[in-house]
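Chemist: Please work out how this folds:
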Amino acid sequence: MNSFSPLGHEWTTLQNNHEQYEKSSLLIKLTATVLCALALAEGITLVLIGPTLFVFWLMEGILRTSQSRLGDRLLHIEALLRQDPPAPGAAYQLHSEWQAGRPGSLGLIGEYLANAARPTVAFPYALLLIGGLLL
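Modeler: Residues are numbered from 1 along each chain as shown. This is a model prediction of the structure:
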């Protein structure tokens, strides 16, 4: 890959952003875990902390949906870079491509929920909720 080409530059930028989403996801998980542990240590019931955990869980689902869009674009760029020569004018089309295939409001909510249901996202929220029920 020619990192000086527009596609190479876009790939590098998006890849860095994609990795930043991983760090953000871990920060959300850590914050939710610490908050839940502190709340339970203070005797706050799951009835009160549960909705907050769901908010964190859904926030991560939204974050992961955005990350997924970057991943889709990264795969498209990689396919374009395998072409010889790469398609002219193909770089810097992340939002145009997304807008062209953007689902309606219900579709977006479905994407958020589907990403929130992925095992790598559901952990640790499901365990915290189950653990809170058992305490």
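
Chemist: element containing E111, please.
Modeler: In this structure, E111 sits in helix 105-116 according to DSSP states H and E.

Chemist: E97 - how many residues pack around it?
Modeler: For E97, the count of nearby residues is 14 (other CB atoms under 10 Å). (Glycine included, C-beta is placed from N, CA and C.)

Chemist: Let me see the contact set for it.
Modeler: 73, 76 (CB atoms under 8 Å, 6 or more residues apart in numbering).

Chemist: residues of the helix or strand hosting it that come out buried?
Modeler: Counting by DSSP H and E, the element that carries E97 is helix 94-100. For helix 94-100, a neighbour-count test (16 or more other CB atoms under 10 Å) marks L94 as buried.

Chemist: quick one: it to chain centroid distance?
Modeler: In terms of CA atoms, centre = their mean, to the nearest Å, the centre of helix 94-100 is found 17 Å from the chain centre.

Chemist: Ok, stretch 125-135 next?
Modeler: 23 Å.

Chemist: contacts for it?
Modeler: With CB under 8 Å, 6+ apart, stretch 125-135 has contacts from 29, 32-33, 36, 40, 45-46, 49-50, 53-54, 56-57, 60.

Chemist: continuing past whatever helix or strand H9 lives in, what's the next helix or strand?
Modeler: Applying DSSP H and E as the criterion places H9 in helix 6-41. Using DSSP H and E, the helix or strand that follows helix 6-41 towards the C-terminus is helix 46-82.

Chemist: average model confidence for that next one?
Modeler: What helix 46-82 shows for mean pLDDT is 94.

Chemist: Thanks a lot, see you next time.
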